[in-house]
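Engineer: All I have is the shape, not the residue letters:
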């Protein structure tokens, strides 16, 4: 199953859908961390939490097409 980051980079979901993934994780029996569930790196998670959704968007946009 693809993680949020992979789906986003492939153009299959929009950044705003991250909230849906967070909700799914919250109500799941997953034992992994939210970062792992979303497929984010430690840096990406830190930027998302410390700065904003937009800062995460900027990081992910830079990775599209690589």
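Structural biologist: That came through fine. Because the structure is a prediction, the values reported are computed rather than measured.
Engineer: Which parts of this protein are helices?
Structural biologist: Ranges of helices in the chain, per DSSP state H, are 4-9, 18-26, 34-38, 42-50, 53-63.
Engineer: buried set for the longest one?
Structural biologist: Neighbour counts using 16 or more other C-beta atoms under 10 Å place 56-57, 59-60 of helix 53-63 among the buried residues. Where you see a C-beta, it was placed from the backbone N, CA and C, and this is true even at glycine.
Engineer: so which of those would you say is closest to residue 41?
Structural biologist: Of all the buried residues of helix 53-63, the one sitting nearest residue 41 is residue 59; the distance, using C-beta to C-beta, is 8.7 Å.
Engineer: Isn't residue 57 up against residue 14?
Structural biologist: No. Counting by C-beta atoms under 8 Å, residue 57 does not reach residue 14; the two are 9.8 Å apart.
Engineer: Output the helices of the chain as CSV; include the columns mean pLDDT.
Structural biologist: Formatted as CSV, the helices of the chain follow (pLDDT from 0 to 100):
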stretch, mean pLDDT
helix 4-9, 96
helix 18-26, 96
helix 34-38, 97
helix 42-50, 96
helix 53-63, 94
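Engineer: ranking those helices by burial, who's on top?
Structural biologist: When those are scored by mean count of other C-beta atoms under 10 Å, the highest mean neighbour count falls to helix 4-9 (a mean of 19).
Engineer: Run the chain-centre distance for that helix.
Structural biologist: 7 Å (C-alpha atoms, centre = their mean, to the nearest Å).
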